[in-house]
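>>> let me see the structure of the following:
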Amino acid sequence: MTSDDVLAVIERELALESPEVRRSPALVEDLLDADFREIGVSGRLWTRCEVVQALLAEDSDDPGSIEVTEMEGMLACDGLVLLTFLSRRDGYRARRSSLWRRSEGTWRVVFHQGTLL
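Numbering: from 1, shown residues only. Below you'll find the predicted structure:
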């Protein structure tokens, strides 16, 4: 793995923040690993299916742009990249982390956690 892998993962993470991707079940499912889990800012544990459905239910008239800052990535081990960053949306800030795994030749997020600031 190289720094190019980290850059590829950052690109895919940023895609997940875009309204166009978030509104497309096929695009979201392509980015989420089959084993995906998320601990949201509320502390709730989300499954892959629940996240896809929740993104579809977001208000399509107000995509609520997500600002991402302080993005950092590191190679955790062969086939795993850890990202950490801050997000801001609708006046809320959260510290986030995502663990991405190379799966079937591409990078997919297997775990995500958000902590409200």
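
>>> and the longest helix along the chain, which residues are buried?
Criterion DSSP state H: the longest helix present in the chain is helix 3-16. Within helix 3-16, the residues that count as buried by 16 or more other C-beta atoms under 10 Å are 5-6, 8-10, 12-13, 16. The way it works is simple: take the backbone N, C-alpha and C, and place the C-beta from them, glycine included.

>>> identify the residues contacting L82.
Taking C-beta atoms under 8 Å, 6 or more residues apart in numbering, we find L82 in contact with 73-74, 76, 97-100.

>>> what about it, distance to E13?
The gap separating L82 from E13 is 11 Å, by C-beta to C-beta, to the nearest Å.

>>> between the two, which contacts overlap?
Overlap of the contact sets of L82 and E13 (by C-beta under 8 Å, 6+ apart) consists of 98, 100.

>>> mind checking which helix or strand of this protein has the lowest mean pLDDT?
helix 19-22 (a mean of 88; mean pLDDT, DSSP states H and E).

>>> got a list of contacts for that helix?
15-16, 27-28, 31, 55, 58, 63, 65.

>>> make a ChimeraX selection of the buried ones in these.
Applying 16+ other C-beta under 10 Å to the contacts of helix 19-22 leaves a buried subset, and the ChimeraX line that selects it is:
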select :16,27,28,31,55
